[in-house]
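Participant: Requesting a structural model of the entry that follows:
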Amino acid sequence: MSYSTLAHALINYMECHLNQFSISEMSKCFGFSQSYLRELFLKYVDMPIMQYYRKRRIISSAFEILHSDKKIVDIAFESGFSCHESYTRTFRKLMGMTPSQFRLNRPLMGGMWLEAGVFGLEQLNVKQKRRCDIIMTQHNDSTILYGIRKIEHGSYDSNTMFPICIKAVSEYLGDDISYARIMAATGAAFRLVWNRKEWDLSNIDIYHTLRESNEIYRYGAKALGREFSFLGRDSDTSKEDFTEYIKSNLAKGLPVIALGIIGPPEPCIITGYDSVQDEVMGWNFFQHDPEFGANVRTMENGYFRCDTWWENTDTQAVMCIGALTCSPYSDGQIIKMAADIMEARTESTYAKGLQAYDAWKDMLLDDSFFVTNSGFDSLFSMILVQNDAVECIRDGRKWGAVYFNELADRSGTEDSAICLHIAEAFLKVSKAAVEMKSILGSFKDTENMLRNFSSRSIRERLGKLIDLAKREDTFAYEQIQLLLNHM
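Facilitator: Alright, predicted model coming up:
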């Protein structure tokens, strides 16, 4: 085994087992005695194996300190330290400051090249500004990026998939941007779409936000001030095209956001590619779903491994956020986009913005849909569409309120008052959505949900809440227009 191959294997194993490492298990995996393994690690990695492990755990914990609100004592315990004082001493020796100072000063951290084909978290040199300045150009057939935060429903206290992916990628690239700002800058905080023709599960798809195109995905990169590239799947796009796109970006240390891979065409993060197995690795919202993830393998660090990603016809696109190119989206640009998204309008069969509320309510109160679709499968599909719309405004307006509250803190007196009015209105919309969910009931009792959804009186109650949400969103929209006039 060559130097580069063995160093790669040793470091790769360690990065994959940071949360649960055992020398005895590692020696079994490599087929070496523990003493010989220690000797090899020191020779090829130039550091004793346990010293390297503690260093990598501290660096991983530093990332948690920056990007979570966990108590430092809890992070210390999760990092394998039973004594907070010991953790603090070790942390300061490696990072140059105490954990509390680290959280206060917020040094830059992000993915860095560790060994051929392996990237992991490191503290970045302040002179390098942000992650883009240290991208490695070496190309490898197989590359894996360790340390990218897990994405799942509830990540960042949110259920909106694309912004969750953008936030996780932005952290890995060394950016320090609030989730509320990402929700706003991607338009996810302000959207609502409804197909007038059918109960359409694609209403929730982010590409409907402005116009029916993939241009909206670019806004995630604009939110960070970074380059963006996109490769869609059409009749003349091959698996080789997708593979080369994934491999070339990963080799630079750049995560790839994909639509599909496992399950439906929803966003996920590709963190690695194995050319031998033709497998992609990463995080996907459906990797543990019994319906979609039955044949998906899981790595020790939680990443999925999937070799049927191209056979999944819902794998529709891959995209990448790259080097810094300009300043991130300004508040003025975000607010202008919010107004464009919320404007009442029709595009094709879709009612968008404020107009979507009326289309939603009309269909909800149209009894003919509930007569012709009275079977379990049809009604359940309609409930999913209903739930998507409710969750869209519950999660979106909640974070829209947080964004405008943050904006109020950095605005002048008059504009601050307007921002607070917008935030208050958005919170009322979010609360109306919460009430809608409680009226229908929980998915844990599907039969009860179906009965409630079939009931005319309950649907009328839902209709009144839709009217309330529209009134508050209309007020927020008017205040956003007023704010724009001040800029």
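
Participant: Quick check: mean pLDDT of stretch 229-236?
Facilitator: Summarised as a single mean, pLDDT over stretch 229-236 is 94.

Participant: List the contacts of it.
Facilitator: 214, 217-218, 237, 241-242, 245, 249, 315-320, 322 (C-beta atoms under 8 Å, 6 or more residues apart in numbering). C-beta: built from backbone N, CA, C; applies to glycine.

Participant: CA atoms of it as PDB?
Facilitator: Output of stretch 229-236 as PDB, limited to C-alpha atoms (Å, rounded to 0.1, in the frame of the first residue of the first chain):
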ATOM      1  CA  SER A 229     -23.500  26.600 -11.400                       C
ATOM      2  CA  PHE A 230     -26.400  24.400 -12.300                       C
ATOM      3  CA  LEU A 231     -26.700  21.200 -14.400                       C
ATOM      4  CA  GLY A 232     -30.200  20.000 -15.200                       C
ATOM      5  CA  ARG A 233     -31.300  16.500 -16.400                       C
ATOM      6  CA  ASP A 234     -32.800  16.600 -19.900                       C
ATOM      7  CA  SER A 235     -32.900  14.400 -22.900                       C
ATOM      8  CA  ASP A 236     -29.300  14.900 -23.900                       C
END
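
Participant: re the thing from before, now, the contacts of stretch 229-236 that are in strands?
Facilitator: Ala317, Val318, Met319, Cys320, Gly322 (DSSP state E).

Participant: wait, which of these is closest to Asp362?
Facilitator: Ala317 (32.5 Å; C-beta to C-beta).

Participant: where along the stretch 301-450 of the chain do the strands fall?
Facilitator: 304-306, 317-324, 345-347, 350-352 (DSSP state E, counting those that start in this stretch).

Participant: The longest one: how far from the chain's middle?
Facilitator: Read that as strand 317-324. Centroid displacement of strand 317-324 relative to its chain, using C-alpha atoms, centre = their mean, to the nearest Å, is 14 Å.

Participant: And stretch 286-295, by the same measure?
Facilitator: 19 Å.

Participant: same thing with stretch 35-49?
Facilitator: Distance, stretch centre to chain centre, for stretch 35-49: 37 Å (C-alpha atoms, centre = their mean).

Participant: try stretch 308-320
Facilitator: Offset of stretch 308-320 from its chain centre (C-alpha atoms, centre = their mean): 17 Å.

Participant: Distance of the residue nearest to Ile151 when sequence neighbours are not counted relative to Ile270?
Facilitator: The shortest distance from Ile151 to any non-neighbouring residue, by C-beta to C-beta, 6 or more residues apart in numbering, is to Trp283 (4.5 Å). Distance, Trp283 to Ile270, using C-beta to C-beta, to the nearest Å: 9 Å.

Participant: neighbour count winner among these two?
Facilitator: Shown here are Trp283 and Ile270; by other C-beta atoms under 10 Å, Ile270 has more neighbours (27 against 24).

Participant: now for the helix or strand harbouring the more buried one, which elements pack on it?
Facilitator: For Ile270, the host element (DSSP states H and E) is strand 267-274. Judged by 3 or more C-beta pairs under 8 Å, 6 or more residues apart in numbering; DSSP states H and E, strand 267-274 is in contact with strand 143-145, helix 161-172, helix 239-251, strand 256-259, strand 279-283.

Participant: Just put those in a markdown table and tack on distance to Arg233 and mean pLDDT.
Facilitator: Shown next, in a markdown table, are the helices and strands packed on strand 267-274 (distance: least, C-beta to C-beta, whole Å; pLDDT from 0 to 100):
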| stretch | distance to Arg233 | mean pLDDT |
| --- | --- | --- |
| strand 143-145 | 22 | 95 |
| helix 161-172 | 17 | 96 |
| helix 239-251 | 7 | 96 |
| strand 256-259 | 9 | 98 |
| strand 279-283 | 14 | 97 |
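
Participant: Phi, psi for Gln316 please.
Facilitator: phi -100, psi -20 (degrees, to the nearest 10).

Participant: Reformat the helices and strands packed on strand 267-274 as CSV; add distance to Arg57.
Facilitator: Below are the helices and strands packed on strand 267-274 laid out as CSV (distance: least, C-beta to C-beta, whole Å):
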stretch, distance to Arg57
strand 143-145, 18
helix 161-172, 18
helix 239-251, 24
strand 256-259, 27
strand 279-283, 21
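
Participant: Quick one: closest of the ones you listed to Met109.
Facilitator: Taking those one by one with C-beta to C-beta, helix 161-172 is closest: 8.2 Å.

Participant: any idea how far the closest one is from the chain center?
Facilitator: 4 Å.

Participant: contacting residues around the helix or strand that that helix is followed by?
Facilitator: The helix or strand immediately downstream of helix 161-172 is helix 179-185, counting by DSSP H and E. Around helix 179-185, the neighbours that count as contacts under C-beta under 8 Å, 6+ apart are 156-158, 160, 163, 166-167, 170, 189-190, 219-220, 222-223, 328-329, 334, 337-338, 396, 399-400, 402-403, 406.

Participant: need the strands of the stretch 301-450 of the chain in TSV with distance to Ala432 and mean pLDDT, can you?
Facilitator: Converted to TSV, these look like this (distance: least, C-beta to C-beta, whole Å; pLDDT from 0 to 100):
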stretch	distance to Ala432	mean pLDDT
strand 304-306	36	96
strand 317-324	33	94
strand 345-347	22	94
strand 350-352	19	97
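
Participant: quick one, longest helix in this structure?
Facilitator: Longest helix in the chain, counting residues (DSSP state H): helix 376-409.

Participant: I'd like the distance from it to the chain centre, please.
Facilitator: That offset, for helix 376-409, works out to 16 Å (C-alpha atoms, centre = their mean).

Participant: Helix 161-172 and that helix, what's the angle between them?
Facilitator: Here helix 376-409 points in a direction 50 degrees away from that of helix 161-172 (axes from the mean of the first three to the mean of the last three C-alpha atoms, to 10 degrees).
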